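> okay, structure incoming, though there's no sequence with it:
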């Protein structure tokens, strides 16, 4: 898909810092095509890890990393094209400011994901410091997120997005 690269040796690389649309979602194919264009088969890539746990496999047994092809930072270019939301985890830091800037650029230019009609604004958006999604108040997915140390609240959708969280599909954040 648009955020997973399979190397010739069979290893799977999950692109850090981004989350592209999943199967059945708009722009899934465009994100997949962009990754194929930016990191075509047979092209030499540079793998960059972030933090002490970066080489660890994610929950889907993929290596978590940033990818560069020539002078192109592939993860960032996909965000800049508006084909991915930036996703920031507590242990990733290397490119956060750059990814935030590119997401803001794509949003301002209304590229791809950012050209879609926005949902009605909510009074409150709620996230979890340890998870990459934010929700509207009342979403079934946040029922366990009572007031606590991991709860994060935002009064603006863009603030939640720029914190590295992605909108929940269930509550249409």
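Noted; the coordinates are in hand. Treat the numbers as computed from the prediction; the structure is a model and nothing was measured.
> kindly list the longest helix within this structure.
Ranked by residue count, the top helix of the chain under DSSP state H comes out as helix 96-109.
> show residues contacting it.
17-18, 73, 75-76, 79-82, 85-86, 88, 112-114, 158, 161-162, 164 (CB atoms under 8 Å, 6 or more residues apart in numbering). (Each C-beta comes from the backbone N, C-alpha and C, glycine too.)
> just give me how far that helix sits from the chain centre.
12 Å (CA atoms, centre = their mean, to the nearest Å).
> ok, now stretch 109-129?
Worked out by CA atoms, centre = their mean, stretch 109-129 lies 14 Å from the chain centre.
> low-confidence stretches in the protein?
The model of the chain has pLDDT under 70 over residues 51-60, 143-148.
> helix or strand right after the longest helix of the chain?
Using DSSP states H and E, the next helix or strand after helix 96-109 towards the C-terminus is strand 125-128.
> list the buried residues for that next one?
125-128 (16 or more other CB atoms under 10 Å).
> which of those residues sits closest to residue 63?
For those, the residue nearest residue 63 by CB to CB is residue 128; the value is 24.6 Å.
> what about the residue lying closest to that closest one once chain neighbours are set aside, neighbour count?
By the measure of CB to CB, 6 or more residues apart in numbering, the closest residue to residue 128 outside its immediate chain neighbours is residue 150, 5.1 Å from it. Using other CB atoms under 10 Å, residue 150 has 10 other residues around it.
> looks to me like residue 14 is in a strand.
Yes. Under the criterion used here (DSSP: H, G, I helix; E, B strand; the rest coil), residue 14 sits inside a strand.
> ok so, going back, for PyMOL, what selects the buried ones among the contacts of helix 96-109?
Listed next is the PyMOL selection for buried residues among those, using 16+ other CB under 10 Å:
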select buried, resi 17+18+73+75+76+79+80+81+82+85+86+88+112+113+114+161+162+164
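> summarise which helices and strands whichever strand or helix holds residue 161 is packed against.
Taking DSSP H and E as the definition, residue 161 sits inside helix 157-162. The helices and strands touching helix 157-162, judged by 3 or more CB pairs under 8 Å, 6 or more residues apart in numbering; DSSP states H and E, are strand 85-86, helix 96-109, strand 125-128, strand 166-167.
> can we see that at 7 Å?
Judged by 3 or more CB pairs under 7 Å, 6 or more residues apart in numbering; DSSP states H and E, helix 157-162 is in contact with helix 96-109, strand 125-128.
> follow-up on the earlier one: mind listing what's buried along the longest helix of the chain?
Judged by neighbour count using 16+ other CB under 10 Å, the buried positions of helix 96-109 are 96, 98-104, 106-107.
> list just the nearest of these to residue 8.
residue 99 (27.1 Å).
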